[in-house]
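Colleague: Quick one, structure for this:
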Amino acid sequence: MRGFTHAGVLGGGAWGTALAQVCARAGLQVTLAVREAEVAADIAGRRENRLFLPGVKLDARIAATLDLAALSACDLVLAVAPAQHLRAALIGLAPHLATGTPLVLCAKGIEQNSLKLMTEAAAEVLGQTPLAVLSGPSFAGDVARGLPTAVTLACPDEALCGAIARALATPAFRPYLAADMIGAEAGGAVKNVLAIACGVVEGKELGRSAHAALITRGFAEMTRFGVALGARAETLAGLCGLGDLVLTCSSPQSRNMSVGLALGRGATLSEALSGKLSVAEGVSSAPAVVQLAERLQVDMPICRTTAALLDGAVSVDEAIESLMSRPLKSER
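Modeller: Numbering: from 1, shown residues only. The predicted structure is shown next:
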């Protein structure tokens, strides 16, 4: 398998910019496709994305562009558009993606209405394009600043997976290889919903015991859901499942947890989302996760209650009561 020299990154938010920085540090030429003219100008003139990732000096190898056609020169593309906008972004990319160019999906979520995973949406738009999934415990600011990070890179083509990993790896960014793309996607989608629930626990000051219980029982829900989709349980016990869950549920730096924190402190959803430029994927993914779980006949009470809370169907106090008053049952 040949190496890669020129990476394209589709999406100039915080995570897209951080991954562009990873690619540049690994020695790749990088074309970062952004939507905002101010971001493109900022990166070109100041070597910084002040709108989405302020305070991080960007590598000189990163060139920002508003023109998706510029990605046609790339031999590897990372798609970092938010989950609910990924299909539209890929439709725009499709005419410019050279045949056989691998696409690494970096969004975490389930498409509303269609209830499709990101790989399913990408396959519908791009046909036989080789796909991989990048997921794991990784805050954009940490990654962009070169702090140690380990992630899961999932792709059923072992040779391709290894080639992408070698292209992205640096002393501070370590991809672990896996073949199970469904597991990587399921973990990333569900952990965002659970992070909102953990934020509520923190905001309501319910204590560390409740926080630990929610993470543990949430991981059980994640595993049931992933296995029902066809994932391997051991994938979900790794970085893209348990690892990502622990990180996202343990720090207000998480966009999803910060939404839950606000809700737990009495804010409305619109107030919790007010002023946020970056997307809290769990808000959009919650109803899709619940609908897909119902289709698969998987019981996910924490995710179901979180979706009801986000929809305004229950209050925070009612959500807590409904979870704590469920019938007693075996842990397994």
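Colleague: G266: neighbouring residues, count only.
Modeller: Neighbourhood size, G266 [other Cβ atoms under 10 Å]: 10. Placement of C-beta: from N, CA and C, glycine included.
Colleague: Check R217 too.
Modeller: Neighbours around R217, by other Cβ under 10 Å: 16.
Colleague: thought it was touching I302?
Modeller: Yes - taking contacts as Cβ atoms under 8 Å, R217 lies within contact range of I302: 6.3 Å.
Colleague: Where does K191 fall, secondary structure wise?
Modeller: Here K191 sits within helix 181-203, counting by DSSP states H and E.
Colleague: What mean pLDDT does that helix get?
Modeller: In this model, helix 181-203 has a mean pLDDT of 95.
Colleague: continuing past that helix, what's the next helix or strand?
Modeller: Next helix or strand after helix 181-203 toward the C-terminus (DSSP H and E): helix 208-229.
Colleague: quick one, that following helix and helix 181-203 angle?
Modeller: Relative orientation of helix 208-229 versus helix 181-203 (axes from the mean of the first three to the mean of the last three Cα atoms, to 10 degrees): 160 degrees.
Colleague: what does the helix or strand that helix 208-229 is followed by contact?
Modeller: Helices and strands here follow DSSP H and E; after helix 208-229, the next one along the chain is helix 233-236. When contacts are defined by Cβ atoms under 8 Å, 6 or more residues apart in numbering, helix 233-236 is touched by residues 152, 154, 178, 180, 183-184, 186-187, 219, 222-223, 226-227, 241-242.
Colleague: Apply 6 Å and report the result again.
Modeller: Counting by Cβ atoms under 6 Å, 6 or more residues apart in numbering, helix 233-236 makes contact with A178, D180, G183, G187, M222, T223, G226, V227, all of which sit outside it.
Colleague: Name the member of those with the most neighbours.
Modeller: Counting neighbours by other Cβ under 10 Å, G187 leads the contacts of helix 233-236 with 34 neighbours.
Colleague: That one against G243, yeah?
Modeller: No - counting by Cβ atoms under 6 Å, G187 sits too far from G243 to count as a contact (8.5 Å).
Colleague: Report the secondary structure state of the nearest residue to A70 once chain neighbours are set aside.
Modeller: Spatial nearest neighbour of A70, excluding adjacent residues (Cβ to Cβ, 6 or more residues apart in numbering): T31 at 5.2 Å. Secondary structure state of T31, per DSSP: H, G, I helix; E, B strand; the rest coil, is strand.
Colleague: just L115 next, same as before
Modeller: Following three-state DSSP, the label given to L115 is coil.
Colleague: what about the strands in the stretch 1-150 of the chain?
Modeller: 6-10, 29-33, 62-65, 76-79, 103-105, 131-135, 149-154 (DSSP state E, counting those that start in this stretch).
Colleague: Domain parsing of this protein, as residue ranges.
Modeller: Taking automatic domain parsing as the domain assignment, the record places the domains of the chain at 6-179, 182-324.
Colleague: any weak-confidence spans in the stretch 201-332 of the chain?
Modeller: Residues of the stretch 201-332 of the chain that meet the criterion pLDDT under 70 lie in 277, 328.
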